[in-house]
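# one predicted model, sequence on top.
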Amino acid sequence: MTPTTPLRGATMSVLHTHAARKAPTLEYRSLHVVAFGIFLVSEALTRLVPRRLRADRAPRGSIVSEAWATADRVIPLVFMG
């Protein structure tokens, strides 16, 4: 039994909708990875400055967690309109 034309058209429509919904997720993830890399380097350079010269003297988490948290805060702002 072969699918009829309306069913095939409906299936293609669902596939295109799914692909369109998935595209921003891929874009978001790729931007998040790029931003994470930039913030990782930035955080590593910040850690080279002596604590007494930094504006924020509070103890911090790991370099990776700080870079990830910064990317989490910044990237959603890119998608706000």
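The structure has been received and is ready for your questions.
# can you report how many residues neighbour Thr70?
17 (other C-beta atoms under 10 Å). For glycine as for every other residue, the C-beta is placed from the backbone atoms N, C-alpha and C.
# what's the closest non-adjacent residue to it?
Leaving aside its chain neighbours, Thr70 sits nearest to Phe39 (4.5 Å; criterion: C-beta to C-beta, 6 or more residues apart in numbering).
# that neighbour and Thr25, how far apart?
To Thr25, Phe39 is 21 Å away according to C-beta to C-beta, to the nearest Å.
# more crowded one of those two?
Phe39 (22 against 9).
# show me where this structure has helices.
5-48, 63-78 (DSSP state H).
# which of these has the lowest mean pLDDT?
Ranked by mean pLDDT, those end with helix 5-48 at the bottom, a mean of 75.
# which residues touch stretch 50-58?
Residues from elsewhere that reach stretch 50-58, judged by C-beta atoms under 8 Å, 6 or more residues apart in numbering: Thr46.
# could I get the average pLDDT for it?
Here the average pLDDT along stretch 50-58 is 75.
# first-to-last residue distance for that stretch?
For stretch 50-58, the separation between the terminal residues is 12 Å (C-alpha to C-alpha, to the nearest Å).
# list the buried ones in that stretch?
Of all the residues in stretch 50-58, not one is buried under the rule 16 or more other C-beta atoms under 10 Å.
# follow-up on the earlier one: identify the residues contacting the residue nearest to Thr70.
Contacts of Phe39 (C-beta under 8 Å, 6+ apart): Glu66, Ala67, Trp68, Thr70, Ala71, Val74.
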